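>>> heads up, no residue letters with this:
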C-alpha cells in the first residue's frame, strides 16, 4: 500500500483510515464484507423511537451521529439534526476527510467505546431513508457496452452515435420518484404499440427491466453560469450508491423520439441507502475505460491527466434475480450479471465537468446516474434487454421458469464491492426492489 | 357573460370576482392592461425593508399578503410566512377560490381600504422572486406547429413523428436553472460541430434562441403510483406564468440523439413572476387545438368531454426583441410574433394526466412547460429557428441589423393576455431576459 499521506486518488490523500490493519471494537465489523472500519458510509435512518437522522454503517450496526455530535468536529454539529445528508456532505473535501478521520477514531479507539456504544443500533431494526433530497436527478449513458448493444437493437447499422465518444450523453431524470432501496416498485401502465400495431394501446408494461448503475451524489455544486473545471470536478463527488433505473422498454421505444426517455423511467428509481464516500474510495481508483485510453482524446474541458489515470472506481457489481416461486422453494437469488464499474467510458469527473460546462448549476445532493454498466460479454450485461437480446433469448431460472423481462413478484437486487490489492474491500450494501402489479 | 355560479371552466364556477363591473379602490388597477381587480395574480416579492413573501399584483401596486393575514381565511395564514407559493397554492380548488374571493373583497370594498392600503407597495420598487420552488421541471412539446416546422428542418420527409398525436411528448428539464424574469442570461458554451466538421469544438453557442411557452404550476400533486385521472387533472393546475425555454440550437443538434435535449436547455429557463390562477382564467377557456378536434381521438385516459370543449386557454401571446443598438437609438422593442395559446395540440389537463399515467408523482410547485407555442404562419412563430427558417432567412431590425439567432445584448420579452367577449382582459405580465457573453 502507498505511504500514508501520499496522494493517490481524486479524493485526496490516503491516511490512517485506509490502513488495512486498523480495527474496531464493533465486533461485527471485523471482516464484514460491506461495512468494515475502512468504509464508514453515511446514510439516513430511523428507528421505532428515533426520527430520521444521519448515521454511519459499521458491521451490522448503525451509529447515530446526532448522539455523538459532541464528539465530532464542530463544523458538522448543525448538519447532524437534519433528515438528509445534504448539509453534511456539502462541506469541503478537507472537512469531509476530517469527519471521516473523526468517525474512524471514535470506532477504533477503545477508550471512546463507553461514550459511543450507547448510540449504536442494530441495523436490522432500523429503517433506511433516502440519503439526500436530490434537487435534480440526471442519468448519464456512460456504459459504452450498454450503449452499443441497445443501440444495435434499435439501429443495427449505427449502434453508437457519432457524439458518443465526444461527450458523456445524458438526460434529465425525474427527481420526485427516486426512492430508497427496499420499496415496492409498481408496474407502470403506459402507451405502447405491441408488434408494430397501427395504433397504440394503454396497458401495463410487459417489458419491464432493471438497469444496473452507480449513483453519484453531488457535494457542493456550483453557481449558475460558473462551470466546474475538470481538475476540480472530482471533488464534487460526495460519494456513491447503487442505483436501479427501472425501465419500461415498451413505453420507451414508443415515446423516446424525439425528446428522449420520459414515462418509461419516471415511475421509480431505486438507490441504496448508504453513501460510500469518495474519501473511503480513495484506494480504489484506476484508469477508465477498461480497455485502453479514451479515443478520440477528450476535448480540453474534459481532459485531466489524473482523471485519465485514476478517474474510475474499481468496483465489482452484481445483479441478482429471484422470482416468487424461487423464494417459495427456498432458492437463493440467481446472480445474473457480474461487471466492473471501469467498463464505463466516461469518468465521474467528466460527467460533472460536462454537466456544468454550459453554466448549469449543480446543487448539494443532486444525483447523477452513470447509465447502465455492462461489460463486453453476456455474463456482464447490466439489463435484461441486453441479457435476453431484446427478449429473444430468455434466462432460465433454477425453478425452470423463463424470464425475458420482469414478472410481478420478481425481485432485483444490486450489490457492489470495491476491491484493490493491499486494502480491505468495502461494499456498497444492496439496492433491492420487488415488482408489484 | 354567464350567470354567477354557472360552471363554465375547468377551474370551477364563475363568481363575483369575474364580474366586469367590479371595481377597486386601487386607482392604478382601473383599466390596467395586466392586473385589474379581475386578475389578482400571486407571486413572491421583496423590498429593501421586507424579506421575500407572497403578494398579489393589483395595478402598479403589490399587496403584501402577510400584512393582511388577519383579514384572510384562516387556512391560509400559515402559508403566508413562506418565501414560495408552494404551500399557499397546494390547497384544494375550493380553498383557492375562497382565497380569491377574499382578496377580491379586500381590494374592492371601500370599507377595507384603511386596513389594507398600508400594505400596498409600489411594484416598481419591489424585487420579484421565483413564485415556486419547483421540485421538478418538465417541458412538453405540445405546440404542433412548432413540432412540425422544427421537425421539417431535421427530418424533411418525416416532420411529425408517429407518436405525436397519441401522447403529449415531453422531456424532463432542469429545475435548478429555472429563474425569475429579469435576470441576465449567460450565453452557454458547449460542444457543437459547425458546418458538419468531422470533430466537434467547445465554444460559445452561436445559435442561441428563445422559446415562447406557458408555464403551468402544479397545485396538489399525487402520490407515487397513483395516476391523476383526466377528469381531475385540470384541478391540478394552480396557475400559469410565461416561460422562455432558452435554447442553444447548435448544442442541441449535436447532443440530442438518442436521449433528448440536455445542455442545450439547462443553462437557464426564465419564468414571469406572477402566477395567474386557474380561477382567474375560468372565463378564458376554449376548445383546442385551434383548427378542430384532436384526430385521432385521444385514448380514454386522455379524453374528457369538458377538457375537449374547454381545455385551452384563450391567451394571446407576443414576443418582442430589442438589440443594444435599438435601445441606444430609442427604438421600442420589435414585436416578432403574435400567437394564441390554443395553437397547442394537447391541453394542460392532458399533460397532467399523461405525466402521472405511469404513476409518476407530481409535487406542489412542479413546473410544466407547454413547449413552444407557434401558429401556422411565419408571423406566429414562437422561436427564431422557425422565424428565420433555421437561420436562412434573417429578421431585419429597425436599425438595419439582421438577426438569425440572438446576439449578446439582445433582450427578449414575452407577454400574454387572456381575452374573451364580455370579460375584462387580464394579463400575465412579462418575462424578459438579456443575453450576456
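Nice, I can see it. Note that this is a predicted model, so its numbers are computed, not measured. Residues are numbered from 1 along each chain as shown, chains lettered A, B, ... in the order given.

>>> make it CA atoms for all contacts and neighbour counts henceforth
OK.

>>> Show the contacting residues for the nearest residue to residue A:411 once chain neighbours are set aside.
Leaving out its chain neighbours, the residue that sits closest to residue A:411 by Cα to Cα, 6 or more residues apart in numbering or on different chains is residue A:434, at 4.2 Å. Applying Cα atoms under 8 Å, 6 or more residues apart in numbering or on different chains to residue A:434 gives the contacts A:182, A:183, A:184, A:185, A:408, A:409, A:410, A:411, A:412.

>>> which residues are in contact with whichever strand or helix holds the last one?
Assigned by DSSP states H and E, residue A:412 belongs to strand A:411-418. Outside of strand A:411-418, the residues within contact range by Cα under 8 Å, 6+ apart are A:34, A:210, A:212, A:242-244, A:281, A:284, A:313-323, A:425-435.

>>> These in helices, which ones?
Using DSSP state H to define helices, no part of the contacts of strand A:411-418 is located there.

>>> Put the buried members of these into a ChimeraX selection.
Command for ChimeraX that selects the buried part of those, burial taken from 16 or more other Cα atoms under 10 Å in any protein chain shown:
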select /A:34,210,212,242,243,244,281,284,313,314,315,316,317,318,319,320,321,322,323,425,426,427,428,429,430,431,432,433,434,435
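
>>> C-terminal to whatever helix or strand residue A:325 lives in, which secondary structure element comes first?
In this assignment (DSSP H and E), residue A:325 forms part of helix A:324-328. The helix or strand immediately downstream of helix A:324-328 is strand A:334-340, counting by DSSP H and E.

>>> who does that next one pair up with?
Sheet pairing of strand A:334-340 (DSSP bridges) gives strand A:315-322 (antiparallel).

>>> now residue A:350: how far from residue A:260?
With distances taken as Cα to Cα, to the nearest Å, residue A:350 is found 22 Å from residue A:260.

>>> now do residue A:357
Distance from residue A:357 to residue A:260, by Cα to Cα: 21 Å.

>>> Could you do residue A:170 as well?
10 Å.

>>> For burial, what's the neighbour tally of residue A:110?
12 (other Cα atoms under 10 Å in any protein chain shown).

>>> so who does the residue nearest to it when sequence neighbours are not counted touch?
Excluding the flanking residues, the one nearest residue A:110 by Cα to Cα, 6+ apart is residue A:25, at 6.5 Å. Contact analysis of residue A:25 by Cα under 8 Å, 6+ apart lists A:107, A:108, A:109, A:110, A:113.

>>> got the phi/psi numbers for residue A:25?
Note on residue A:25: backbone dihedrals following degrees, to the nearest 10 are phi -80, psi 0.

>>> now that we have the contacts of residue A:25, which one has the most neighbours?
That'd be residue A:107 among those, by other Cα under 10 Å, with 21 neighbours.

>>> Endpoints of stretch A:57-77, how far apart?
19 Å.

>>> what does that stretch contact?
A:26-30, A:32, A:34-37, A:39-43, A:53-56, A:80-81, A:88, A:98-99, A:102-103, A:115-116, A:119-124, A:274.

>>> Name the residues of it that are buried.
Within stretch A:57-77, the residues that count as buried by 16+ other Cα under 10 Å are A:57-69, A:71-72, A:76-77.
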